[in-house]
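Chemist: I would like to see how this sequence folds:
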Amino acid sequence: MRISTQSFYERSMTAIGAQQGNLLRVQQQLGAGSKILAPSDDPLGATRSLSVSQSIALGEQYTATRAQARQTLTMEENALQSVTSVLQNIKGLLVQAGNGTLTDADRATIATTLQSNLDQLHGLANTDDGNGQFLFAGFKSSSAPFVKQADGSILYAGDQGKRLMQVDVSRQMSGTDDGRSIFQTVQGGAGYVSSSGPGNTGSGVFGSTTVTNSADPNYGKEWVITFSSPTSYTADTVPPLFPAPAPAIYSTGSPITLGGLQIAISGAPAAGDTFNVATAKNAGTNIFATISDVIKALNTNTVGGGPEAQAKALNALSTANRKITNAHDNVLTVRSSVGSRLNELDALAATGDNRTLTDKSYLSDLQDLNYATAIAEFYQRQTALQASQQTFVKIQQISLFNYL
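Modeler: Below is the predicted model:
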């Protein structure tokens, strides 16, 4: 079989070119550190690598979102911790103000301190994140949520929107809480709030309200105790019961039963005096209004007003103390929710890190080059190429003209 010189050259160059291409491919793999340089190298592996890479990128986005959520929740926790301290101070001042030996000047001093605490609480309610975004404003985060009015009252100007953040594949989490749920809300199990009527003229002072029978059919209703005379009263609900309850005899300090509740009233109520026993939700939940009301009560002179004025002051303090306690419990509940979310973020972070580690390990198995095998292949193909080149040089010198 004869092989022409042209065919010999063509076949030799094709073989050498193929070996050079194979060697170049191994060099590129070594340079990139990957065994898949193009989807055609391993179509199934390339598809799986793309899917795993997308999963890793998505996990990194969740990690960034969790970091942002942790930052805002930590700021909220710090703010609520300060709010808790302020409310504890206020409760202590209310107990101090109930001391019967205090003068009007002493009460005025306590009122001034309470005003300072109210201003501090207002500032905490308008806490921002350092970038002009208010934590407790809901969706209206660009403006202060609690605005002081001309009459000194503080109203909520935000909304109840929750800024949800996608912190994991199937988990959305609120990064903050709205101001209404913190400063103008009480828990469902909050204690009953008792108060005296604004027009009372007697010296009746109510005590604490206790639950005696939560299964009573009238339990959970709002009650009004009306004195028709200093020695008789009628306890009725709002709206009134039918038929109307019969009048009862009043004895100072004796418990009065109200649909599963008990309250004791001492002193000498006057005819027409009223006392209200309402659920915490119906008694008013605005913590700022509660503090303002007790400040007004403490700034009212009582020393010269006799037992009637003293009774009004004590009743106002008791009402405020109950409302502040309910508000304090609500803040603690929100803080507990914040702490739970922070703990959940830690758990999600650990799960996400493990998932990312697994994905990267799998991606490494799909893509990463086995350097020992690749280097051995590199030298093998290099040697083969050199042998082919040297063989071509030797064979192309075989000619009859060399022997003439």
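Chemist: give me the mean pLDDT for stretch 182-189.
Modeler: Throughout stretch 182-189, pLDDT has a mean value of 89.
Chemist: for it, C-alpha coordinates in CSV please.
Modeler: Output of stretch 182-189 as CSV, limited to C-alpha atoms (Å, rounded to 0.1, in the frame of the first residue of the first chain):
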residue,chain,number,x,y,z
ILE,A,182,-46.4,48.2,71.6
PHE,A,183,-47.6,51.5,73.1
GLN,A,184,-51.4,51.4,72.6
THR,A,185,-52.3,47.7,73.1
VAL,A,186,-52.8,45.3,76.0
GLN,A,187,-52.7,41.6,76.1
GLY,A,188,-55.9,39.6,76.1
GLY,A,189,-55.2,38.4,79.7
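Chemist: and that stretch, which residues are buried?
Modeler: Buried residues in stretch 182-189, defined by neighbour count with 16 or more other Cβ atoms under 10 Å: 182, 183, 184, 185, 186. To be clear about C-beta, it is placed using only N, CA and C from the backbone, and glycine gets the same treatment.
Chemist: run the chain-centre distance for it.
Modeler: Taking the mean of its C-alpha atoms, stretch 182-189 sits 16 Å from the chain's own mean (Cα atoms, centre = their mean, to the nearest Å).
Chemist: show me the helices in the stretch 101-250 of the chain, by range?
Modeler: Assigned by DSSP state H, counting those that start in this stretch, the helices in the stretch 101-250 of the chain fall at 104-125, 179-183.
Chemist: just the buried residues of stretch 182-189 now: which is nearest residue 347?
Modeler: residue 182 (24.9 Å; Cβ to Cβ).
Chemist: ok, the closest one to residue 259 distance?
Modeler: Spatial separation of residue 182 from residue 259 under the definition Cβ to Cβ, to the nearest Å is 31 Å.
Chemist: in stretch 81-91, what's buried?
Modeler: For stretch 81-91, the buried set under the neighbour-count rule, 16+ other Cβ under 10 Å, comprises 83, 86, 87, 89, 90, 91.
Chemist: and if you look at stretch 223-241?
Modeler: By 16+ other Cβ under 10 Å, the buried positions in stretch 223-241 come out as 223, 224, 225, 226, 227, 230, 233, 235, 236.
Chemist: skipping its backbone neighbours, what lies nearest the third one in space?
Modeler: Read that as residue 225. Of all residues not flanking residue 225 in the chain, residue 275 sits nearest, at 4.3 Å (Cβ to Cβ, 6 or more residues apart in numbering).
Chemist: after the helix or strand containing that neighbour, next one along is what?
Modeler: Secondary structure assignment for residue 275, by DSSP states H and E: strand 274-278. The helix or strand immediately downstream of strand 274-278 is helix 287-298, counting by DSSP H and E.
Chemist: quick one: name whatever helix or strand follows that next one.
Modeler: helix 306-367.
Chemist: how many other residues sit next to the residue nearest to residue 225?
Modeler: A count of nearby residues for residue 275, using other Cβ atoms under 10 Å, gives 24.
Chemist: again, but for the one 10 residues further on
Modeler: Residue 285 is flanked by 20 other residues according to other Cβ under 10 Å.
Chemist: report pLDDT for it.
Modeler: 88.
Chemist: surely it is in contact with residue 327?
Modeler: Yes. Applying Cβ atoms under 8 Å, one finds residue 285 in contact with residue 327, separated by 7.5 Å.
Chemist: overlap in contacts of these two?
Modeler: Here residue 285 and residue 327 share the contacting residues residue 186, scored by Cβ atoms under 8 Å, 6 or more residues apart in numbering.
Chemist: for residue 213, which non-adjacent residue is closest in space?
Modeler: Nearest one to residue 213, counting by Cβ to Cβ, 6+ apart, is residue 260 at 4.0 Å.
Chemist: circling back to that earlier point, list the beta-bridge partners for the residue nearest to residue 225.
Modeler: residue 196, residue 225 (DSSP bridges).
Chemist: got any ranges where this protein has weak pLDDT?
Modeler: For the chain, the stretches with pLDDT under 70 are 1-12, 15-42, 44-46, 49, 302-305, 363-374, 377-379, 381, 384-385, 387-404.
Chemist: for the closest residue to residue 274 other than its chain neighbours, give me its contacts.
Modeler: Of all residues beyond its chain neighbours, the one nearest residue 274 is residue 197 (3.7 Å), with distances taken as Cβ to Cβ, 6+ apart. Applying Cβ under 8 Å, 6+ apart, we find residue 197 in contact with 273, 274, 275, 276.
Chemist: repeat for residue 135
Modeler: Counted by Cβ under 8 Å, 6+ apart, residue 135 has contacts 72, 75, 76, 79, 127, 128, 129, 141, 176.
Chemist: hmm, back to that, could you identify the most distant pair in the buried residues of stretch 223-241?
Modeler: 223 and 230 (20.0 Å).
Chemist: using PDB, write out every CA atom in the strand holding residue 275.
Modeler: Extracted C-alpha coordinates of strand 274-278, given in PDB (Å, rounded to 0.1, in the frame of the first residue of the first chain):
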ATOM      1  CA  THR A 274     -69.800  55.800  90.400                       C
ATOM      2  CA  PHE A 275     -67.000  53.300  90.100                       C
ATOM      3  CA  ASN A 276     -66.200  51.600  86.800                       C
ATOM      4  CA  VAL A 277     -64.600  48.100  86.400                       C
ATOM      5  CA  ALA A 278     -63.700  47.600  82.800                       C
END
